[in-house]
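In: Take a look and give me a structure for this.
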Amino acid sequence: MSNQPSQPTRTPEEDKQASDCKVSFSQFVKTFWELVPGAGKVTWNWHLDVICDELQEVAQRVFNNESRTHDLILNVPFGTSKSTLTSILFPAWVWANMPSARFICASHTDKLVNDLSSKCRSVITSERYTTLFPNITLVKDTESYFRNSQGGDRNTCTVGGKTPTGFHAHFILIDDPIDPQGARSEVELETASKFMTEVIPSRVVDKLVSVTILIMQRLHHRDPTKVMLDVAAKADTVPARRVCLPGELTDDVQPAELRDRYIDGLMDVRRLPRPVLKEYRARLGEYGYAGQVLQNPSPPGGGMFKRPYFNKRVKAAPWNCERILAVDRASTQDGGCYSALVLMAKDHEGNFYVEHCVHGQWEPQERNRQIKAEALRCRSRYGPNHQPVIYIEAERGSTGLESFQNIVRMLAGFIVKEDQPTGSKDVRAEPWSTACSAGIVSVVEDGTWNVEGYIEEHCLFRPDAAVKRLGKWKDQVDASSMAFNLLANTKTIPPMRTFHLGVGNKPKHLMIVVCKTSDLPLATIELSSLLVTIQDPERQGEQCERILNGARAVNGQIGGTSEKFTGVEGDGGDTIASGGAYRTNYAAGSEVGGECRKTDEIPLHAMSKMVDNLTLRFADIEPEAIQEEWETILPEFNAKPSEVIITLDHGKKLWAFLLKKRPTPIECIVFTSPNGRRALSIAKVVAEKLRLPEPSTMNADVEPTPNKHITKMVKSTRSMVVT
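Out: As a prediction, this is how the structure comes out:
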């Protein structure tokens, strides 16, 4: 008579359930989740499927006694069920397929490894498990070790404590080998490193088949994840596959294709919603949040910026400094990005002062309110002579332009410019880092802003071995770099070019001014003037408002008056405000493809006597440079080059506008375009035809090269207009 206990009889439904669970680890997890003590009901998210699939892939090769292709690293934030899957349910599933499998499970403390062992034991000894997998019975069972009747066992050890001497395993599971406090200890980091490189490699059943699985939240740039990656990168070693799932969408998501599975920039909208992440960030600080949630820790001492760089503290900067308020703008509609407003000053000796910083996650309206509040605060304190120039970070596309225009309208009366820098933001931070390291930067510590948060973000901004900038929280760094670079190269006069009449029978005050559209508000022109604005064509197919019954106007300055005048044939009606500095022009007409175009807006300016204005829309394209793409649709315009390039009609319209007889003598013609190139290309021809000599001086550091095609078209159409 057998002493073996009788095996329970499974129903057909239980047979199928057992089969499904053996085939799919994900299905096993869903079936046994609630049997894990304290787990509650399963709340499934896509990242659980990813972890299950990765674990099943490496396990299957062990089942088949095949050489492993890689060890596995799983970097996932806390609170995402990583231990439940890896240390509790995975060994139970492996035994369902390979009862003889042996495990060594390691963590940073006895308490944690024993708790995980106890929960795994609870699943294996549950009624559901013994019913579905009756061949698995425990024959030895202690707090830290248990073994089944077919030779499989699960042993525990700690990093730097109890070692697995004498034990070997098919699967080595390392779950959170260091804790957050230990990550700040050089001794514990070194202990964890030796555990990964000296202890674990010798504890395998088969050096070709046995697999090491590390699952942890990142806590330090030299933590076991880095150690394991460094070892795997050496010659003649098995690679390590890293799956990295930050709590928020970043460039560190691995594999990269998993970025598409993030919802609203979040890895798990139920376990880690945005309010929870905000609380974690406040509680953990920038350093802790970067590692434990974003899975990209940075050295506490900093990388590109070191904490000692900011040791110079003052109560206030000199009152008569030059100042810039730099705005690195973002909004929550872009996936939870942060905006930063940094006020920086430079004294006459070339010392710099970080005077104030406002940093937050705001919707566009709230962000704009914060900008205005800071501008008013600065004006109240420093007066008109020493208040800052406000620079807004440029954004591409029509949406970015509209956003900038809305900010400038809101800040009417302040000097507002758009910053259009070149190169990556990370490269632009290097001069700022150099200045900080040189000791010429002081931080104003007056109790009105979060100085420590500002410094901590800078310390997180660092390069890795490949000199790739990896700072995750860098909005305040970006705004500071912008402010510093602008202050270090301050120009008191906006870059613009002027052509003055020196000979001939023209009015003696006639001049031509050429400037970028963003510099136009700084050009105070009190002469009777014409304004010619060149803008990019709008994309074909965009919805636009057709202006009926002529034209409408919006006067942008309180107290201004309007008067109607008749425009050039084909322009539609135009309205100008004779008493204002900021105004809008609406023109009806057709654009590329015969569609109605959006209204053209006069850019913000300080021209007190603007008599008339004209807006032309064509692209800055030279045909000889794009012949191979002549029949290709340009994505920025959704049209072919031939449909957006300057035409004879543009030239004739320009000359008809310039030569029109007006009751008020014209003393100045202003040409403006986004980068100044199209404006200069036209202005050179007009100056030549009106016999205005080349200027002897110019304020711009670098003059754009004129567009030859625009120049030729404007020159050839002069004779086509007779006045």
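In: residue ranges of the helices in the stretch 351-500 of the chain, please?
Out: Remark: helices assigned in the stretch 351-500 of the chain by DSSP state H, counting those that start in this stretch are 364-386, 397-410, 425-437, 451-460, 475-488.
In: Tell me which of those helices sits most buried.
Out: Across those, the average number of neighbours (mean count of other C-beta atoms under 10 Å) peaks for helix 475-488, which reaches a mean of 24. Every C-beta, even on glycine, is put in place using the N, C-alpha and C of the backbone.
In: Show me what it is packed against.
Out: strand 322-328, strand 339-346, strand 352-360, strand 389-393, helix 425-437, helix 451-460 (3 or more C-beta pairs under 8 Å, 6 or more residues apart in numbering; DSSP states H and E).
In: Can you pull out the residues in contact with stretch 475-492?
Out: For stretch 475-492, the surrounding residues in contact (C-beta atoms under 8 Å, 6 or more residues apart in numbering) are 305, 322, 324-328, 330, 337-346, 352, 354, 357, 359, 391, 393, 419, 421, 425, 428-429, 431-432, 435, 454, 457-458, 461, 471, 699.
In: hmm, which of these are the buried ones?
Out: Buried by 16 or more other C-beta atoms under 10 Å: 305, 322, 324-328, 330, 338-346, 352, 354, 357, 359, 391, 393, 419, 421, 425, 428-429, 432, 435, 454, 457-458, 461, 471, out of the contacts of stretch 475-492.
In: How is the chain divided into domains?
Out: 12-278, 307-488, 496-720 (automatic domain parsing).
In: Please identify which of these is closest to G285.
Out: Closest approach to G285 among those is made by domain 307-488 (6.4 Å; C-beta to C-beta).
In: And the closest one, end to end?
Out: 22 Å (C-alpha to C-alpha, to the nearest Å).
In: quick one: it to chain centroid distance?
Out: With C-alpha atoms, centre = their mean, to the nearest Å as the basis, domain 307-488 stands 16 Å off its chain's centre.
In: pLDDT averaged over that domain - what is it?
Out: Mean pLDDT, domain 307-488: 82.
In: Ok, stretch 603-611 next?
Out: 82.
In: same check, this time on stretch 29-38
Out: Here the average pLDDT along stretch 29-38 is 94.
In: what's the first-to-last distance across it?
Out: 15 Å.
In: Could you number the chain from 108 rather than 1 from now on?
Out: Got it, first residue is 108 now, which makes that one stretch 136-145.
In: residues making contact with that stretch?
Out: 124, 127-128, 146-149, 151, 155, 159, 191-192, 195-196, 199-200, 225-226, 229-230, 233, 235-236.
In: Am I right that V360 is in contact with Y369?
Out: Yes. With contact defined as C-beta atoms under 8 Å, V360 counts as touching Y369 (7.4 Å).
In: Would you quantify the distance from L755 to V639?
Out: Look at L755 and V639: by C-beta to C-beta, to the nearest Å, they are 17 Å apart.
In: Who has more neighbours out of these two?
Out: Between L755 and V639, counted using other C-beta atoms under 10 Å, V639 has the larger neighbour count: 23 against 11.
In: Need the three-state assignment for T298.
Out: helix (DSSP: H, G, I helix; E, B strand; the rest coil).
In: residues touching it, list them.
Out: Per C-beta under 8 Å, 6+ apart, neighbours of T298: 266-267.
In: picking up where we left off before, for V334, find the nearest of the helices and strands packed on helix 582-595.
Out: helix 558-567 (21.4 Å).
In: which stretches of the stretch 108-257 of the chain form strands?
Out: 178-182, 209-214, 245-248, 252-255 (DSSP state E, counting those that start in this stretch).
In: for the longest one, packing partners?
Out: Taking 3+ C-beta pairs under 8 Å, 6+ apart as contact, the helices and strands that strand 209-214 lies on are helix 197-204, helix 217-231, strand 260-265, strand 278-282.
In: Now render the ones you listed as a markdown table, adding mean pLDDT and distance to P331.
Out: Formatted as a markdown table, the helices and strands packed on strand 209-214 follow (pLDDT from 0 to 100; distance: least, C-beta to C-beta, whole Å):
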| stretch | mean pLDDT | distance to P331 |
| --- | --- | --- |
| helix 197-204 | 96 | 19 |
| helix 217-231 | 93 | 15 |
| strand 260-265 | 93 | 13 |
| strand 278-282 | 95 | 7 |
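In: Make CSV from the ones you listed and add distance to I709 to it.
Out: Putting the helices and strands packed on strand 209-214 into CSV (distance: least, C-beta to C-beta, whole Å) gives the following:
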stretch, distance to I709
helix 197-204, 67
helix 217-231, 67
strand 260-265, 72
strand 278-282, 64
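In: thinking H493 is in contact with I431, fair?
Out: No. Between H493 and I431 there is no contact under C-beta under 8 Å: 11.7 Å.
In: Need the overlap of contacts for these two.
Out: Between them, H493 and I431 share no contacting residue, judged by C-beta under 8 Å, 6+ apart.
In: In contact with the nearest residue to P811 once chain neighbours are set aside, which residues are there?
Out: In this structure, P811 finds its nearest non-sequential neighbour in R784, 4.0 Å apart by C-beta to C-beta, 6 or more residues apart in numbering. If you count contacts by C-beta under 8 Å, 6+ apart, R784 has them with 727, 811-814.
In: Ok, G267 next?
Out: 215, 295, 298-299, 302.
In: from these, which has minimum pLDDT?
Out: Among those, E295 has the lowest pLDDT, at 81.
In: Surely that residue is in contact with I285?
Out: Yes. In this structure, E295 is within contact of I285 by C-beta under 8 Å, at 6.1 Å.
In: Same drill for these two, tell me which one is more crowded.
Out: I285 (25 against 19).
In: How much space separates the more buried one from A299?
Out: 5 Å.
In: what is in contact with the two at once?
Out: 266, 330-331.
In: I'd like the residues you listed laid out as CSV, including distance to M714 and pLDDT.
Out: Shown next, in CSV, are the shared contacts of I285 and A299 (distance: C-beta to C-beta, whole Å; pLDDT from 0 to 100):
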residue, distance to M714, pLDDT
V266, 71, 88
D330, 61, 89
P331, 65, 92
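In: Can you report how many residues neighbour E633?
Out: Neighbour count for E633, taken as other C-beta under 10 Å: 11.
In: Backbone dihedrals for it, both of them.
Out: phi -110, psi 10 (degrees, to the nearest 10).
In: these two touch, right, it and E774?
Out: No. Assessed by C-beta under 8 Å, E633 is found out of contact with E774, at 9.3 Å.
In: before we move on, the earlier item: let's have the helices and strands packed on strand 209-214 in CSV, adding mean neighbour count.
Out: Output for the helices and strands packed on strand 209-214, formatted as CSV (neighbours: other C-beta atoms under 10 Å):
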stretch, mean neighbour count
helix 197-204, 24
helix 217-231, 19
strand 260-265, 24
strand 278-282, 24
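In: Mind checking these for the one nearest to T116?
Out: helix 197-204 (18.1 Å).
In: which strands and helices sit next to the closest one?
Out: Using 3+ C-beta pairs under 8 Å, 6+ apart, helix 197-204 is in contact with helix 119-130, helix 132-139, helix 153-170, strand 209-214, helix 217-231, strand 278-282.
In: Please convert the ones you listed to CSV, extending it with distance to K623.
Out: Listed next are the helices and strands packed on helix 197-204 as CSV, based on distance: least, C-beta to C-beta, whole Å:
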stretch, distance to K623
helix 119-130, 65
helix 132-139, 57
helix 153-170, 47
strand 209-214, 60
helix 217-231, 61
strand 278-282, 58
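In: how about these, which one is nearest I514?
Out: helix 153-170 (38.3 Å).
In: ok, the closest residue to S300 other than its chain neighbours - contacts?
Out: With C-beta to C-beta, 6+ apart as the criterion, S300 has its nearest non-adjacent residue at 4.9 Å, and that residue is V334. Shown in contact with V334 (C-beta under 8 Å, 6+ apart): 299-300, 303-304.
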